[in-house]
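# Here is a sequence together with a model predicted from it:
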Amino acid sequence: MRWIVDGMNVIGSRPDGWWHDRHGAMVSLVAALERWAAASGDDVTVIFEQPPRPPIGSTVIVVAHAKRARANSADDEIVRQIAAAGDAHDVRVVTSDGWLADRVRAAGASVQPAQAFRDEIDPA
């Protein structure tokens, strides 16, 4: 299974003060995704609207960003990656964005709600 994670959507699913340290929240999400991907063996890509500053690297998952930061640019990048994947039936997108979920399903991929996924990879 290939997972594409709407990074800020997952981070925003838990009101834990992430907005006080956006970069720290991104680093924490990547670390949780790395642990989860290593245990599951699944292919995971997390997409942010803009490149993290400083950059966040990983040898376990792909940390990606939209080509140009703007409103909904991560959503557009997620849809672009699904189209590039070929067989979208093997792709699951993590988001609670209804508009993005509709686009993902129309492209043939499945959707998992952000809050349920975050609870799975990073129990509160």
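The structure has been received and is ready for your questions. Numbering: from 1, shown residues only.
# Which residues belonging to the worst-scoring helix or strand of the chain on mean pLDDT are considered buried?
Within the chain, no helix or strand scores below helix 73-85, which has a mean of 92 by mean pLDDT, DSSP states H and E. Across helix 73-85, burial judged by 16 or more other CB atoms under 10 Å covers 73, 74, 75, 76, 77, 78, 79, 81, 82, 85. Every C-beta, even on glycine, is put in place using the N, C-alpha and C of the backbone.
# And for stretch 39-46?
44, 45, 46.
# Stretch 23-42 now?
Across stretch 23-42, burial judged by 16+ other CB under 10 Å covers 25, 26, 29, 30, 31, 32, 33, 34, 36, 37.
# picking that back up, so of the buried residues of stretch 39-46, which ones are in strands?
44, 45, 46 (DSSP state E).
# tell me which of the residues you listed is nearest to residue 98?
When these are compared for distance to residue 98 (CB to CB), residue 46 wins out at 20.1 Å.
# Now do the helices in this structure.
Along the chain, the stretches classed as helices by DSSP state H are 7-11, 22-40, 73-85, 98-106, 114-121.
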